[in-house]
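S.K.: fold the following and give me the result.
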Amino acid sequence: MADPVLKTLLLPLETGTIELPAGAKTLFLRARMDQSLKDAAFEMLTCEQSFAPDRDALERAGFSVKPEVTDGDFDLVLILPTRQKQEARALLARAVQKAKPGGIVLACAANTEGAKTAESDLKKLAGLEGNMSKNKCRVFWTVVQPEAVDGELLSEWSALDAERDVLDGAYRSRPGVFAWDRIDPASQLLADRLPETLSGKGADLGAGFGFLSRTVLQRCPKVTGMDLYEAEKRALDLAEKNLAEFRGKRQLNGIWSDVTRGIEGPYDFIVSNPPFHQGGKADRADVGQGFIRAAASGLRSGGLFYMVANRHLPYEQTLRDVFDHVEMIADEGGYKVIKAIKRKGK
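M.R.: The predicted structure is shown next:
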């Protein structure tokens, strides 16, 4: 399926509205893969992406991807602003900083995902050269002239998604990470239902900034270690800091990966609050179903799986397909907590 936002982002280049010099250096922040990106045939393209599924898709297509690009002086900086306002503004500031004087910052968002707000923000920050609308999206750009950049705003926005203490200093987090400044109620419900008798080596699928893993390690003395799987490297880096007190006491391993592509193992137990949004607002039951199948494949025979999900998401059939025993152990506040046991001999 074509990516309308990415297709629209490249429209000014395809139409010749924006022309690049020969050998132009291009940086793509929050890069995503689509055939239109390959068709654009950039001479020198650097992709920055900390979200594993998008990283994997780009690498499969032959692009080089880094979780963070440290160099600058780019002729063109492409950007897909995120839905989280603070992170989006920090990305715009980063794009302006990465462009060389006279370089172009080119951004695009869906109309329903804050396109007008993002365009207005770029105009405040560094002026606006032009815009176009198509595919229910808006693409907009500026030519970066240092004297036209609002330096105070640039400094302020650059710090908006920085790491910080949250929850009265109990955790480190940052904007853009799921439920970044609070404990998600679904995760809290699952944490409240986890037994203290969990033991052996476990895994946390979709670990976020580490709340569930830390709960397990604090509450379950017989747990020897945890593997934390997380698609967003920014979240995984935070989780490793939030579990620092257990380093040297339990075996801990952070794994930056797309869980739906499989996990290691075997594990004695797995906990998970699977994501059900990915790249938009629409519910994505397939992602959670992928987590369930991955959990079943990663557990030892007789291993335990505890998960939480929105009540309406259709996970039960998938659970019954791959687990011997499936039991709902909580149904509160629009969420369900499910315990499953892997089939013997599987």
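S.K.: so, low pLDDT: which residues of the protein?
M.R.: Scanning the chain for pLDDT under 70 picks out 1, 277-284, 345-346.
S.K.: would you map the helices across it?
M.R.: Applying DSSP state H to the chain gives helices spanning 4-9, 11-14, 35-40, 52-60, 85-98, 115-126, 151-158, 185-193, 211-219, 233-242, 285-298, 316-322.
S.K.: turn these into JSON lines, including mean neighbour count and distance to Ala179.
M.R.: C-betas here are computed from N, CA, C, even on glycine. What follows is those, written out as JSON lines (neighbours: other Cβ atoms under 10 Å; distance: least, Cβ to Cβ, whole Å):
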{"stretch": "helix 4-9", "mean neighbour count": "22", "distance to Ala179": "24"}
{"stretch": "helix 11-14", "mean neighbour count": "18", "distance to Ala179": "34"}
{"stretch": "helix 35-40", "mean neighbour count": "15", "distance to Ala179": "31"}
{"stretch": "helix 52-60", "mean neighbour count": "19", "distance to Ala179": "19"}
{"stretch": "helix 85-98", "mean neighbour count": "23", "distance to Ala179": "14"}
{"stretch": "helix 115-126", "mean neighbour count": "19", "distance to Ala179": "22"}
{"stretch": "helix 151-158", "mean neighbour count": "14", "distance to Ala179": "22"}
{"stretch": "helix 185-193", "mean neighbour count": "19", "distance to Ala179": "7"}
{"stretch": "helix 211-219", "mean neighbour count": "21", "distance to Ala179": "9"}
{"stretch": "helix 233-242", "mean neighbour count": "21", "distance to Ala179": "10"}
{"stretch": "helix 285-298", "mean neighbour count": "21", "distance to Ala179": "16"}
{"stretch": "helix 316-322", "mean neighbour count": "15", "distance to Ala179": "24"}
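S.K.: the ones you listed: which one's closest to Met328?
M.R.: Met328 lies closest to helix 316-322 among the helices of the chain, at 8.5 Å (Cβ to Cβ).
S.K.: C-alpha coordinates for the closest one, PDB please?
M.R.: Extracted in PDB, the C-alpha atoms of helix 316-322 (Å, rounded to 0.1, in the frame of the first residue of the first chain):
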ATOM      1  CA  GLU A 316      -8.900 -14.400  21.800                       C
ATOM      2  CA  GLN A 317      -8.900 -16.600  18.700                       C
ATOM      3  CA  THR A 318      -5.200 -16.000  18.100                       C
ATOM      4  CA  LEU A 319      -4.500 -16.900  21.700                       C
ATOM      5  CA  ARG A 320      -6.500 -20.100  21.500                       C
ATOM      6  CA  ASP A 321      -4.700 -21.000  18.300                       C
ATOM      7  CA  VAL A 322      -1.300 -21.000  19.900                       C
END
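S.K.: other SSEs contacting it?
M.R.: The elements that helix 316-322 packs onto, with contact taken as 3 or more Cβ pairs under 8 Å, 6 or more residues apart in numbering; DSSP states H and E, are helix 285-298, strand 323-332, strand 335-342.
S.K.: now with 7 Å?
M.R.: In terms of contacts (3 or more Cβ pairs under 7 Å, 6 or more residues apart in numbering; DSSP states H and E), helix 316-322 is packed against helix 285-298, strand 323-332.
S.K.: tilt between the first one and helix 52-60?
M.R.: Pointing back at helix 285-298 there. 90 degrees (axes from the mean of the first three to the mean of the last three Cα atoms, to 10 degrees).
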